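>>> Generate a structure from the sequence data that follows.
(chains A and B)
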Number of protein chains: 2
Amino acid sequence: MPSLAGLFFWMNKKTENINKITVTKPLKLDCGKTIKDFPLAYETYGKFNKNKDNAILVFHALTGDQFVAGTNPVTKKEGWWVSAVGPGKAIDTDKYFVICANVIGGCMGSWGPSDLNKDTNHPYGLDFPVITIKDIVRAQESLLDHLGIEKLLCATGGSMGGMQLLQFCATFPNKTFSAIPIACSASHSAQNIALNELARQAIMADPVWDKGKYFLKNTQPKNGLSVARMVGHISYLSEQGMQEKFGRKLQEKADYEFSFNADFQVESYLRHQGSSFVERFDANSILYITRAMDYFDLTKQFKGGLTEAFKNQKTKFLVISFSSDWLYTTKENKDIVIALNSSGADVSYSEIVTDKGHDSFLVNEPEFLKTLKGFLDSMYEKFKR
Amino acid sequence: MPSLAGLFFWMNKKTENINKITVTKPLKLDCGKTIKDFPLAYETYGKFNKNKDNAILVFHALTGDQFVAGTNPVTKKEGWWVSAVGPGKAIDTDKYFVICANVIGGCMGSWGPSDLNKDTNHPYGLDFPVITIKDIVRAQESLLDHLGIEKLLCATGGSMGGMQLLQFCATFPNKTFSAIPIACSASHSAQNIALNELARQAIMADPVWDKGKYFLKNTQPKNGLSVARMVGHISYLSEQGMQEKFGRKLQEKADYEFSFNADFQVESYLRHQGSSFVERFDANSILYITRAMDYFDLTKQFKGGLTEAFKNQKTKFLVISFSSDWLYTTKENKDIVIALNSSGADVSYSEIVTDKGHDSFLVNEPEFLKTLKGFLDSMYEKFKR
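This is a model prediction of the structure:
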């Protein structure tokens, strides 16, 4: 892993050998600006079959990337969804062709704030336009054309991935046979905006951030970014899950130290999550992607509300929520189901009872994985006829 | 309000004219260090009656102080518990004699990290010892002697105030006739430790903090302290309460600005709460007081657990929780009730159904205030016989 001092050199180098297309078709962003000829990085797993009926598009969450399964070639760590995607797994790459693209605004090869702005010969920083979930989703459309996919068997994603999926179905109602939005929301709640704002303020409070121009000194606002990451990790676990995992267990000591060192395991965990994150993610990307999440509001986007957003859907939906998820609650997921029902769509719903909180979709949660596999396999049977 | 540059001058000046005693009796802190001749600041409301049976001790929460009611003479703002304390209110100062002391470790006149360390001729900063809730409570014992109070009619407090109260009852089982712990816990949960650690890391991430030595430059780590305060404000409201109060309402604008300004009211609210807090509170005090909260664990303190902590209680308890409080949940408060019951104590319990979250005890929540008043008045009738 390179030092932070070499970060931007590394950020440019690291994505040299990954799959990318250049999207040449002009894209008018929600902010009004039109972009074209921008890079979109992606990864695929498994093989597209002759019948072209086994393609599954995965949308990643806030800090995810296109490396869903196997080993991430850049970070050398496991893909973020190895619990669900791989040979013989719920999303079986021996059977299905799985695709995932890095979101624009991100930092794993798709067009983002750490990319070079040809107008200034520096990375964009805050000259990057504020993007939306709709922009993110529309930017990915060309990838399906590039891969020769007319219609997906399924599209899925958890958290912000689920939000992209809802937007994808609303914007392109005929692009996927089925859809599995997981632990998400059709419009970001006040609490979710507040948590994102907390993360942004933590980054912007760091003087190294320097209004997004930290790249001029070839560094990162690592203190602020680390605190921002801790916010995330607290919100991804349930109170009960955190209590069971950490409780009041001390970190390799017999008693309190009467200091501000990490006495408790939960402190040590958060510090580790914070400090390791700054090695793999760009602070400005967090600002841009959280902003896109906060702006997400399908109800506002479609006059007539959420029911209107899902009008004329042919897609078959399975909505999944987790009982202990307080970030994207069961209620918020049920609101999606209610809207889909009232728009006449084909929709199933499953609440998985677990204490693992929002993180449930990323870990080995057998009931969830069974539900995912069951629905997917039955959709495949129906689609291939 | 003085500029931040004049903060420490102001911190020394501001508490000149407030009530204080010097605690001369040596106090051995849990960390092992013994202190004596330290200042303890306090305020009283109402009059101590001839029968000496109307005294109520209030313990304040993390960012509170001794100015419970009326106008805080230092900040010129309302006392933090004006909803409950004052003439004719639930805790009626025409009838009761109300006392509140500033916690040691704080910054409103009691001995804290912004006080002068005579060994170095600078404020203590991190040379201040790490204190515990037990230390905080024991430091307040002398005040009761000073005021000539042999036995309190009642002691009460919410949040960290409730934790002090539980400690007070466990340490001094015969000092109060009744006790009302509100929205608290007998030992800090992993999630609560995590949220406090987040606040501490936000402060310590600010280079101005400078290992607690910011006073040398007569300044405050205001960026970090402001972020720390935002963490608190998010945790004080329930998801539903926040949604009802702010939802996705925009801040004096018709549509998204496509920028990182405060587009949403909830962002503006958090920024305001953060920036106004740095004018009235010392960053090191937040570190010390949150640490005391995290170390609080009555179960650990008393071999034999929580039941043992409350053994031989003569005090009559009313435990109050709020249905939408996710910081100190109903479950945590019920655990206190269960322990009190199994130790044979006299205990009532009330869960107030509200969407106002942890903040419920600080706002006008009629059902809560009615419960508080009813219990208090009946205790007074019983005590004065």
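>>> Touching, A:Met204 and A:Gly224? I think so.
Yes: using CB atoms under 8 Å, A:Met204 makes contact with A:Gly224 at a distance of 7.1 Å. Just so you know, the C-beta spots here come from the backbone N, C-alpha and C atoms, and that holds for glycine as well.
>>> quick one, which of those two is more surrounded?
A:Gly224 (31 against 20; other CB atoms under 10 Å in any protein chain shown).
>>> May I have the secondary structure class of the nearest residue to A:Thr330 once chain neighbours are set aside?
Using CB to CB, 6 or more residues apart in numbering or on different chains and skipping the chain neighbours, the partner closest in space to A:Thr330 is A:Ser321 (4.4 Å). Assigned with DSSP: H, G, I helix; E, B strand; the rest coil, A:Ser321 falls in the strand class.
>>> And for A:Phe368?
helix.
>>> before we move on, what about A:Cys100?
Judged by three-state DSSP, the three-state class of A:Cys100 is strand.
>>> pretty sure it is touching A:Glu43, no?
Yes: counting by CB under 8 Å, A:Cys100 touches A:Glu43, with 5.8 Å between them.
>>> The two: which has the busier surroundings?
A:Cys100 (29 against 23).
>>> Test my guess that A:Leu126 contacts A:Ala283.
No: judged on CB under 8 Å, A:Leu126 makes no contact with A:Ala283 at a distance of 11.3 Å.
>>> Neighbour count: the two, which is higher?
Neighbour count, other CB under 10 Å: between A:Leu126 and A:Ala283, A:Ala283 has more, with 29 against 16.
>>> For the more buried one, grab phi and psi.
When read as degrees, to the nearest 10, the backbone of A:Ala283 gives phi -60, psi -40.
>>> check contacts around the nearest residue to it once chain neighbours are set aside.
Leaving aside its sequence neighbours, A:Ala283 sits nearest to A:Leu225 (CB to CB, 6+ apart; 4.5 Å). Counting by CB atoms under 8 Å, 6 or more residues apart in numbering or on different chains, A:Leu225 touches A:202-203, A:206, A:274, A:277-278, A:281, A:283, A:286.
>>> wait, is A:Leu225 part of a helix?
Yes: counting by three-state DSSP, A:Leu225 falls inside a helix.
>>> For it, give its distance to A:His358.
20 Å (CB to CB, to the nearest Å).
>>> Over to A:Leu126?
For A:Leu126 relative to A:His358 (CB to CB), the value is 29 Å.
>>> lowest average confidence, helix or strand, in chain A?
Ranked by mean pLDDT, DSSP states H and E, the weakest helix or strand in chain A is helix A:7-14, scoring a mean of 56.
>>> what sits up against the next helix or strand along the chain from it?
The helix or strand immediately downstream of helix A:7-14 is strand A:20-23, counting by DSSP states H and E. Contact with strand A:20-23 is made by A:36-42, A:109-110, A:139, A:142-143, A:146, as judged by CB under 8 Å, 6+ apart.
>>> Quick one: low-confidence residue ranges for chain A.
Applying pLDDT under 70 to chain A flags the ranges A:1-15, A:385.
>>> The closest residue to chain B within the stretch 251-385 of chain A: neighbour count?
Residue nearest to chain B within the stretch 251-385 of chain A (CB to the nearest CB): A:Phe258, separated by 4.0 Å. By other CB under 10 Å, the residues close to A:Phe258 number 18.
>>> you'd agree it is up against B:Pro129?
Yes: between A:Phe258 and B:Pro129 there is a contact at 7.1 Å, judged by CB under 8 Å.
>>> between the contacts of A:Leu225, which is closest to A:Gln243?
Proximity of those to A:Gln243 (CB to CB) peaks at A:Gly274, which lies at 20.9 Å.
>>> Buried residues, stretch A:242-256. List them.
A:242-243, A:245-246, A:248, A:250-251, A:256 (16 or more other CB atoms under 10 Å in any protein chain shown).
>>> how far away is the residue nearest to A:Ile91 when sequence neighbours are not counted from B:Gly125?
Of all residues not flanking A:Ile91 in the chain, A:Val85 sits nearest, at 4.5 Å (CB to CB, 6+ apart). According to CB to CB, A:Val85 stands 51 Å off from B:Gly125.
>>> three-state assignment of A:Gly374?
Strictly by three-state DSSP, A:Gly374 counts as helix.
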